[in-house]
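In: Here is a sequence with its predicted model. Questions after.
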Amino acid sequence: MDPVNTNMLVCEDEKNASCEAAERFACAAVRAVAKRGVFYVAIPGGNSPRGMFEMLSSREFEELVPWARTELFFTDERCVPPESDESNYKLASGLLLSTVPIPEANIHRMHGEDPPETAARQYEEEMLRVMDSSPRFDLIVLGMGMDTHTASLFPSSPALLETGRHVVANYVEKLNTYRLTLTLPVMNHAEQVIILAFGPDKADPLAEVLHGPVDTNLHPVQAIRPAAGHLLWIVDRAAASKL
C-alpha cells in the first residue's frame with residue numbers, strides 16, 4: 001500500500017478511536033437512510049470493534065443511528081454455535097445488538113453451527129435476498145490481525161483467490177478449521193470501508209502493511225481497496241508508533 005495515499009485517522013488512544021469509528025458508523029447510517037431509506041452495514045468480530053460497539057450502545061448514540069432502517073450483516077464468523085464464547089455474533093449481541101432498538105429480523109448472522117459450505121451458500125442467498133444481485137454495503141468495518149488477516153481472509157488461504165462468490169467457507173490451514181467470510185469482491189464493492197487497528201502489538205504489522213511491499217497473499221488486508229468507495233484506517237497512537 002502507498003502510505004502517501006492512505007487515508008488514516010490517528011487518535012490519542014483506543015477509546016477516542018472507538019468513538020471516531022462510532023461517529024462514522026452513525027453518519028454512514030444517516031446518509032444511507034436519507035438516500036434510499038435503508039442502511040446496509042457489515043461488522044467484524046475480534047477485539048478491535050469492542051469499543052465501537054460499546055459507544056454505539058451508549059446513550060450518546062442512542063438516537064443517532066436509525067436502527068429500524070438498518071440491515072446488519074457480519075464480515076465473518078467462526079464455525080461455532082451462536083452461544084459459543086468464540087462466536088462473533090455472541091460478542092456483538094452482548095455489547096450492542098441486545099441493547100439497541102434494531103429489529104431482530106434486521107440482524108443477519110452467519111450460521112456457524114451449520115456445515116461450512118451450507119452456511120456460506122445460505123448467507124450469500126440471504127444477502128442477495130435482502131440487498132440485490134450485486135450487493136453493495138454502505139459501510140463495512142474491519143479489523144486487522146497480528147498476521148495482517150482481515151475478516152477471515154488469512155495469509156495464503158483459498159478465499160483470497162475467490163472472484164465470483166460473495167461469501168465462502170475458507171479453510172485456514174494454520175488453524176486447521178473453516179471460517180465463514182465475506183470475499184474481496186463484495187468488500188471492495190462497498191461505499192465505505194473502515195479498518196481498525198489498536199495497541200502497540202499492531203505497530204509492526206501496520207508498518208509492514210503500509211510501508212512494505214504489496215503482497216496480498218502474505219498480507220490480506222492490503223487487498224482491501226474499494227473500487228469506487230472510500231477506505232479509512234482508524235488507529236491509535238500506539239499502533240501508529242512505527243509509521
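Out: Now that the structure is in, tell me what you want to look at.

In: can you tell me which residues contact residue 84?
Out: 78, 90, 112 (C-beta atoms under 8 Å, 6 or more residues apart in numbering). The way it works is simple: take the backbone N, C-alpha and C, and place the C-beta from them, glycine included.

In: pLDDT weak spots in this structure?
Out: Along the chain, segments meeting pLDDT under 70 span 1-5.

In: Quick one: the helices in it, in order.
Out: For the chain, the helices defined by DSSP state H occupy 14-36, 50-56, 88-92, 116-130, 184-187, 203-211.

In: what packs against the second one?
Out: In this case it means helix 50-56. helix 14-36, helix 88-92 (3 or more C-beta pairs under 8 Å, 6 or more residues apart in numbering; DSSP states H and E).

In: of all those helices, which lies closest to residue 176?
Out: helix 88-92 (19.0 Å; C-beta to C-beta).

In: Would you check how far apart the nearest residue to residue 87 once chain neighbours are set aside and residue 89 are?
Out: Excluding the flanking residues, the one nearest residue 87 by C-beta to C-beta, 6 or more residues apart in numbering is residue 80, at 5.3 Å. Separation of residue 80 from residue 89 (C-beta to C-beta, to the nearest Å): 9 Å.

In: and residue 101, what does it touch?
Out: 67, 68.

In: any idea how far it is from residue 202?
Out: 33 Å.

In: quick one: residue 59 from residue 147, how far?
Out: In terms of C-beta to C-beta, residue 59 sits 37 Å off from residue 147.

In: When the two are compared, which one has more neighbours?
Out: A direct count of neighbours by other C-beta atoms under 10 Å for residue 59 and residue 147 places residue 147 higher, at 13 against 6.

In: Can you read off the backbone torsions of the more buried one?
Out: phi -90, psi 10 (degrees, to the nearest 10).

In: who's in contact with the closest residue in space to it that isn't next to it in sequence?
Out: Distances taken as C-beta to C-beta, 6+ apart put residue 155 closest to residue 147, at 5.8 Å, once the chain neighbours are dropped. Residue 155 makes contact with 147, 148, 149, 217, 218, 219, 220, according to C-beta under 8 Å, 6+ apart.

In: just curious, which of those residues is nearest to residue 106?
Out: Distance ranking of the contacts of residue 155 against residue 106, using C-beta to C-beta, places residue 149 first at 27.9 Å.

In: which residues does that closest one contact?
Out: 155, 220, 221.
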